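**Student:** Dropping a prediction and its sequence here:
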Number of protein chains: 2
Amino acid sequence: MAKRTRVTSHDVAARAGVSQPTVSLVLSGNPRARVAKATRARVLRAAEELGYRPNLLARALVQQRSFAIGVVVPTLSNPFFVDVVNGLERVAVAEGYAVLLCNGRGEPVAPQVETLRGRMVDGLIIDAAGAAGLPEALLADMTVVLVEEVSERWPTVTSDAEAAGRLAAEHLLELGHRAVAMIGPATDVHALRRRERGFLATLRQAGVSVRSRWLRRAPATVRGGQEAMRALLGLDARPTAVFCATDLVALGALKACVSARVRVPEEVSLVGCDDIEMARLTTPELTTVAVPARELGARAARLLIGMLEGGPDTRGRRRPLPVSLVRRGTTAPPVASAGGARMEGSR
Amino acid sequence: MAKRTRVTSHDVAARAGVSQPTVSLVLSGNPRARVAKATRARVLRAAEELGYRPNLLARALVQQRSFAIGVVVPTLSNPFFVDVVNGLERVAVAEGYAVLLCNGRGEPVAPQVETLRGRMVDGLIIDAAGAAGLPEALLADMTVVLVEEVSERWPTVTSDAEAAGRLAAEHLLELGHRAVAMIGPATDVHALRRRERGFLATLRQAGVSVRSRWLRRAPATVRGGQEAMRALLGLDARPTAVFCATDLVALGALKACVSARVRVPEEVSLVGCDDIEMARLTTPELTTVAVPARELGARAARLLIGMLEGGPDTRGRRRPLPVSLVRRGTTAPPVASAGGARMEGSR
DNA sequence: TTGTAAGCGTTATCAT
DNA sequence: ATGATAACGCTTACAA
């Protein structure tokens, strides 16, 4: 709020020579508002002249409805989440909802949810932010949709994360890789765990097991991928292929390979997951599994708004969004000599 | 808002056997609240048991203060702005302000500002979103800080954009480049214009002029850079070096070169601007001018909050934040044969 | 068709 | 130390 008091519906009423509720009647777009043409015109002109903007807070207070939805994402530094948000905002705005975006920045989300709650958002979309770990009371009596998580309690929108892992595994197996590693999630992010599970299960079914030293865990960041890959390259026995839980990790891994002068894909194949824009900008381009981020967001928004508007029961779990393998430059058949060479560490 | 009505201070009052204002007195953390220890304890317990959360909307309404600041950025798909937001959020949250983030998504910002205004944010930070072009009335009686823009009307926080252009030019000149091109901004984004101006002015002072066909304009996106670079490479006479207004553009340009099998930096040098994380992930790594995004955001937040709290006049324009050249792999001296070769277009 | 009155959940200014 | 009472700016019956 600015210091000097803003123009209210009272001011408009005074100027138009009508009562304040009449102003409200005219301006709130209430369909069954029966106002004389003349007064309506006067009110509209007065509002225009005064530059009147309704106070949405006051409106929300009385309507018990803010027409705002809260969105919690773990970070915006991963372009994947930016895409989810983009998809979701487009829908929300079109439906007349404002989006209050809470950037987790890696910090605990509870306070953020708290804030959103306090600001009386009509509903909440929580994306991969560990809603399961949230105190029960925090989300009591809230309308919530979860993205990329599972829950008995709230409806969810997910991608087919296990399929993502499976596709990556099948691709590597098909190329002939048997010495396969993975850089999985360091924290308990549901979708990433499922990618891992799908990957490992598929390998196992093919009779390939991932040695424990080849199953690394790293934060879902470039740096995380970089460090994990560095460790992998430092091992006596190296894998011929690595699946990374996210593209950001894969980009870090690729960087680590380049720094260590390990050729990709000749010496080691790399598969990411998400298909962020950056995946096409490296050389070689990153082979990855495309996950429909925007559609994930759009669906979540549609589902939430549907629930808010109390339409027919839309909560029925829809099937996960399909993912697809995108073959690019970081994967190739393994060379025969794999599994033994040792590198001297870079940097 | 959820359907079933939420617990209010009245409920707490009833349970604690006190009046509602007493509850407010206890819970609002008012320093000069003189409440008996016993009552205070009872109130706190009742609140705890009921899971009471104050309605920030109601509070804002009566206090004429929402403790929220609005932030408008042109897009979150450029990591640079994500960093600005990160820097700014850290400060805001520490100072007890919530951040209402408005993602421009390339669409006009007026409606977004409108929303923020309606939601009674205490102040507004507008980053490179063309606040100058906004209708006068829209920002009337608002407390505003501009980032990376100039304005007589509002205080601003900027980086030294002209220096950014100058550093890029000096670097290229030093390497011996004379056939120099630039991919500038397609729209009127102030900082980008100034980068361009600094670049061109420095070249001119060194007696180098940029041919008009070598001065391209493109949206500040990867695709924009890609297409502009493709056009540049298709020219009969090619430049030996290209300065891109942003890293995203430079990344696109680099990609275009790789696709066209034009070697960087041997055949063409590339300089970006911003120093986003991605700049270090390509091969070769991108030479760029580092701009302190987070610090830009942090300063803006500090300035705005200072104004809101009505501290001493902090509005005095501070000097722009310094930028610095980061020499990496996409720049090298030109080869002698430059300026003539023609490529057959890729794709 | 329009004005009056009530109330949304707070905080703030008084009496008591 | 605490309890009425009056805002804050709006929407929504209900009266006129």
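**Tutor:** All right, it came through fine.

**Student:** Find the nearest non-adjacent residue to A:Val242, please.
**Tutor:** A:Ala181 (4.6 Å; CB to CB, 6 or more residues apart in numbering or on different chains). For every residue, glycine as well, the C-beta is placed using N, CA and C.

**Student:** Can you report how many residues neighbour the one you found?
**Tutor:** 25 (other CB atoms under 10 Å in any protein chain shown).

**Student:** Shouldn't it be within a strand?
**Tutor:** Yes. Checked against DSSP: H, G, I helix; E, B strand; the rest coil, A:Ala181 lies within a strand.

**Student:** in stretch A:145-160, what's buried?
**Tutor:** Judged by neighbour count using 16 or more other CB atoms under 10 Å in any protein chain shown, the buried positions of stretch A:145-160 are A:145-149, A:154-160.

**Student:** Let me know the secondary structure of the residue nearest to A:Val335 when sequence neighbours are not counted.
**Tutor:** Once flanking residues are discounted, A:Val335 sits nearest to A:Glu266: 6.5 Å by CB to CB, 6+ apart. Using three-state DSSP, the three-state assignment for A:Glu266 comes out as coil.

**Student:** what about A:Glu266, neighbour count?
**Tutor:** A:Glu266 - counted by other CB under 10 Å - has 12 other residues nearby.

**Student:** Ok, A:Arg294 next?
**Tutor:** A:Arg294 sits with 17 neighbouring residues when counted by other CB under 10 Å.

**Student:** What strand or helix carries it?
**Tutor:** Assessed by DSSP states H and E, A:Arg294 sits inside helix A:293-308.

**Student:** which helices and strands does whatever helix or strand comes next after that helix pack with?
**Tutor:** Toward the C-terminal end, the helix or strand that comes next after helix A:293-308 (DSSP H and E) is strand A:324-326. Judged by 3 or more CB pairs under 8 Å, 6 or more residues apart in numbering or on different chains; DSSP states H and E, strand A:324-326 is in contact with helix A:161-175, strand A:287-290.

**Student:** ok, the residue nearest to A:Val335 touching A:Ala332?
**Tutor:** Yes. A:Glu266 is within contact range of A:Ala332, at 6.7 Å (criterion: CB atoms under 8 Å).

**Student:** Please enumerate the strands of the stretch 101-250 of chain A.
**Tutor:** Secondary structure of the stretch 101-250 of chain A (DSSP state E, counting those that start in this stretch): strands at A:123-127, A:144-147, A:156-157, A:180-185, A:215-218, A:241-244.

**Student:** chain center to stretch A:209-217: distance?
**Tutor:** 27 Å (CA atoms, centre = their mean, to the nearest Å).

**Student:** Any idea how far apart the tips of that stretch sit?
**Tutor:** By CA to CA, to the nearest Å, the extent of stretch A:209-217 from end to end equals 17 Å.

**Student:** and chain A, which residues reach DNA strand C?
**Tutor:** A:17-22, A:25, A:34-36, A:38-40, A:58, A:61-62, A:64 (CB under 7 Å from any atom of the strand).

**Student:** among these, which ones are buried?
**Tutor:** Using 16+ other CB under 10 Å as the burial test, the residues of chain A next to DNA strand C include A:18, A:22, A:25, A:39-40, A:58, A:61 as buried.

**Student:** From DNA strand C, how far off is the residue of the stretch 201-347 of chain A found nearest DNA strand D?
**Tutor:** With CB to the nearest atom of the strand as the measure, A:Glu309 is the residue of the stretch 201-347 of chain A nearest to DNA strand D, at 14.4 Å. Applying CB to the nearest atom of the strand, to the nearest Å, the value for A:Glu309 to DNA strand C is 20 Å.

**Student:** Near chain B, which residues of the stretch 101-250 of chain A are found?
**Tutor:** A:101, A:103, A:105, A:114-115, A:117-120, A:122, A:137, A:140-143, A:222 (CB under 8 Å from any CB of the partner chain).

**Student:** Please identify which two of these are farthest apart in space.
**Tutor:** Spatial extent of those (CB to CB) is set by the pair A:Asp141 and A:Val222 at 39.5 Å.

**Student:** Between the two, point out the one with more neighbours.
**Tutor:** The neighbour comparison of A:Asp141 against A:Val222 (other CB under 10 Å) goes to A:Val222, with 26 against 14.
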